[in-house]
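J.: one predicted model, sequence on top.
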Amino acid sequence: MDATTSQSHFLLVPWFGSNSHIIPMTDIGCLLASHGALVTIITTPANLPLVQSRVDRVTPHGSGIAVTTIPFPAAEAGLPEGCERLDLIPSPAMVPGFFNANRQFGEAVARHYGRQDATRRPSCIIAGMCHTWALGVAREFGVPCYIFHGFGAFALLCVDYLYKQRLHEVLASADELVDIPVLQPFDCKVLGRQLPPHFLPSTSMGSGRMQEVREFDMAVEGIVVNSFEELEHGSAALLGAATGKKVLAVGPVSFCHAPSLDPRDVSDDARRCMAWLDAKVAKSVVYVSFGSVGRMPPAQVMQLGMALVSCPWPALWVINGADTLPRDVKDWLRENTDADGVAQSRCHVVRGWAPQVAILDHPAVGGFLTHCGWGSTLESVAAGVPMITWPLFAEQFINERLIVDVLGIGVSVGVTKPTENVLTAGKLGAVEAKAEVGKEQVKKALERLMDEGEQMRMKAQELKEKAKAAFVEGGSSYINLEKLIHSSV
Ligand code: UDP
């Protein structure tokens with residue numbers, strides 16, 4: 001540790017939107033510590049186990065990273081006890097309460113640090129996207145504030161362009177194509193209804209809150225991105241030029257952990273999953289997952305399931321909210337898939353949480369049917385696995401364009417309608433009962449990737465090598481982490 005880094009103290013506050021925000025921000029903390037910075041990660045009691053387990057994987061002796069738990073005033077805001085992530089609230093009516101609790105949480109963080117003497121205060125704050133209160137804390141302490149959205153640089157560039165051009169305000173209908181020409185010569189067009197929530201007439205978070213995030217975004221000193229410069233065709237630099245901010249791509253941050261399962265937190269489900277993969281031929285398996293919150297209408301689950309059980313490739317399928325599916329779908333799954341590792345089906349279902357990074361890194365996995373969440377996208381790139389794209393909501397339709405058109409490492413399943421943003425635990429926000437994508441359409445996309453996708457596979461492998469090179473000493477992400485550390489002293 002040199003004299004400069006010894007003075008850096010990063011305060012990281014991951015946004016409690018879903019685990020997909022907490023995972024990469026905790027990993028950024030782990031990376032900063034591995035580069036010699038002091039790191040404090042602030043979390044709440046319910047989110048502590050996830051943060052602590054990731055920290056323990058890199059620093060078994062706790063060196064360089066402190067995890068500080070500050071109570072989240074859920075009950076005071078009329079939320080159920082322990083409701084400390086947005087995806088845990090039982091009803092969309094509780095969204096305002098959650099944001100009120102989050103504001104009070106921010107005040108508690110400020111009080112906590114206000115009591116510390118100056119030497120224990122942070123020299124830089126990195127805040128998750130909706131912790132808009134963090135700016136006030138940073139200003140009070142006179143330290144820089146960075147934002148972490150969880151989006152890739154290309155999507156952020158598109159969002160910035162859309163805010164400036166306000167194309168959503170002149171759309172005749174949600175079926176109209178919106179042209180987002182930010183990364184020439186690539187043509188990025190999405191339908192009006194596929195735009196990120198910032199530009200939709202009603203969002204589950206509320207448009208006022210999106211506006212607050214935009215103001216926060218414009219006021220901070222810089223943007224930290226889980227990506228690497230070589231991936232998104234210069235999007236990070238273009239975003240820097242468009243916003244006048246430092247944009248630092250420091251990923252893939254999942255590389256701070258070994259991809260294999262950590263024996264200390266291996267569940268029986270995870271062990272079964274890996275054993276199932278061990279018995280499969282190299283590159284033969286399709287891994288299917290829609291992220292930490294993504295769900296589909298039951299009719300769509302059925303169409304996807306019928307495609308998976310009748311295609312020639314074994315499938316490892318993670319189903320979120322499987323317990324809430326109607327009885328007929330549950331019965332079908334029990335009869336046709338292998339949920340407990342004993343049946344003979346070629347489709348193994350995981351109900352709940354799967355060890356995604358370890359799965360993607362397994363030699364048996366040949367393709368990833370993904371909802372195009374940015375975390376999943378980058379983890380697939382990092383593992384050199386090409387994708388079948390099935391975006392659901394948020395900025396995922398933009399990510400799909402990057403994967404398919406810009407990077408050439410994916411086949412689109414062809415979904416046109418977003419699934420309602422599912423924010424509430426155990427409930428489908430989607431009113432749409434019908435399946436948009438039929439089983440034949442899914443099978444066709446699987447064939448195009450698994451049978452005919454050799455070139456995409458090769459490109460994905462090349463990107464994996466570039467990702468590794470970016471991450472190690474002298475690589476772009478490594479250098480950006482150093483810049484981040486030096487900018488904070
Ligand atoms: N994830 C996981 N197991 C699961 C589902 C998700 O480990 O069963 C992790 C995944 O590896 C990624 C994150 O959760 O790090 C999902 O993030 P992403 O941005 O792809 O999607 P989101 O959950 O925000 O829709």
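T.: Yep, it's here. Numbering: from 1, shown residues only.

J.: give me the distance between residue 289 and the ligand.
T.: 5 Å (C-beta to the nearest ligand atom, to the nearest Å). Quick note: C-beta positions are derived from backbone N, CA and C, even for glycine.

J.: per-residue pLDDT, that residue?
T.: We note a pLDDT of 98 for residue 289 in this prediction.

J.: now do the same contact list for it.
T.: Residue 289 is in contact with 317-318, 354, 356, 368-371, 376, counting by C-beta atoms under 8 Å, 6 or more residues apart in numbering.

J.: give me the subset of the residues you listed lying in helices.
T.: Using DSSP state H, 356, 376 are the members of the contacts of residue 289 that sit in helices.

J.: among the contacts of residue 289, which are in reach of the ligand?
T.: Subset of the contacts of residue 289 in contact with the ligand: 318, 354, 356, 376, counting by C-beta under 6 Å from any ligand atom.

J.: okay, helices next: where are they in the stretch 351-489 of the chain?
T.: 356-360, 374-383, 396-401, 439-450, 454-471, 476-487 (DSSP state H, counting those that start in this stretch).

J.: nearest to residue 17, out of the ones next to the ligand among the contacts of residue 289: which one, please.
T.: residue 376 (15.2 Å; C-beta to C-beta).

J.: for the closest residue to residue 455 other than its chain neighbours, give me its contacts.
T.: Using C-beta to C-beta, 6 or more residues apart in numbering and skipping residues adjacent in sequence, the residue nearest residue 455 is residue 408, 7.5 Å away. Residue 408 makes contacts with 455-456, 459, as judged by C-beta under 8 Å, 6+ apart.

J.: what mean pLDDT would you report for stretch 94-107?
T.: 94.

J.: figure out how far that stretch is from the centre of its chain.
T.: Centre-to-centre, stretch 94-107 and its host chain are 22 Å apart (C-alpha atoms, centre = their mean, to the nearest Å).

J.: Provide the contact partners of that stretch at residue level.
T.: With contact meaning C-beta under 8 Å, 6+ apart, stretch 94-107 is reached by 16, 44, 70, 72-74, 76-79, 83, 86, 89, 130-131, 133-134, 136-137, 204-206, 209, 423.

J.: hmm, back to that, want to throw the helices of the stretch 351-489 of the chain into TSV with mean neighbour count, distance to residue 282 and mean pLDDT?
T.: Below are these laid out as TSV (neighbours: other C-beta atoms under 10 Å; distance: least, C-beta to C-beta, whole Å; pLDDT from 0 to 100):
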stretch	mean neighbour count	distance to residue 282	mean pLDDT
helix 356-360	23	14	96
helix 374-383	26	14	98
helix 396-401	26	27	98
helix 439-450	19	13	97
helix 454-471	17	12	98
helix 476-487	20	29	96
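
J.: nearest to residue 31, out of these?
T.: helix 476-487 (5.9 Å).

J.: which strands or helices does that closest one pack on?
T.: helix 19-34, strand 222-225, strand 246-249, helix 454-471 (3 or more C-beta pairs under 8 Å, 6 or more residues apart in numbering; DSSP states H and E).

J.: contacts for that helix next, please.
T.: 4-5, 8, 31-32, 35-37, 124, 144, 146, 221-222, 224, 228-230, 246, 248-252, 470-472.

J.: of those, buried ones?
T.: The neighbour-count test (16 or more other C-beta atoms under 10 Å) applied to the contacts of helix 476-487 identifies 5, 8, 31-32, 35, 37, 124, 144, 146, 221-222, 224, 228-230, 246, 248-252, 470-471 as buried.

J.: list of residues touching stretch 305-314?
T.: Contacts of stretch 305-314 (C-beta under 8 Å, 6+ apart): 280, 284-286, 288, 315, 317, 332-333, 336-337, 345-348, 366-367, 439-440, 442-443, 446-447, 450.

J.: those residues in strands, which ones?
T.: Judged by DSSP state E, the contacts of stretch 305-314 include 285-286, 288, 315, 317, 347-348, 366-367 as members of strands.

J.: for this protein, what lies in contact range of the ligand?
T.: Counting by C-beta under 6 Å from any ligand atom, the chain sits next to the ligand at 18-20, 23, 289, 291-294, 318, 353-354, 356-357, 373-376, 379.

J.: redo that, cut-off 8 Å
T.: Within the chain, the residues that sit near the ligand (C-beta under 8 Å from any ligand atom) are 17-21, 23-24, 150, 254, 289-294, 318, 320, 350, 352-357, 370-377, 379, 392, 394, 396.

J.: which of these are buried, as a PyMOL select command?
T.: Remark: buried members of the residues of the chain next to the ligand, expressed as a PyMOL selection using 16+ other C-beta under 10 Å:
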select buried, resi 17+18+19+20+21+23+24+150+254+289+290+291+292+293+294+318+320+350+354+355+356+357+370+371+372+373+374+375+376+377+379+392+394+396
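
J.: check which element follows the lengthiest helix in the chain along the chain.
T.: Counting residues, the longest helix found in the chain (DSSP H) is helix 95-114. Downstream of helix 95-114, the next assigned helix or strand under DSSP states H and E is strand 124-128.

J.: show me what that next one is packed up against.
T.: So strand 124-128, by 3+ C-beta pairs under 8 Å, 6+ apart, packs with strand 9-13, helix 19-34, helix 134-141, strand 145-148.
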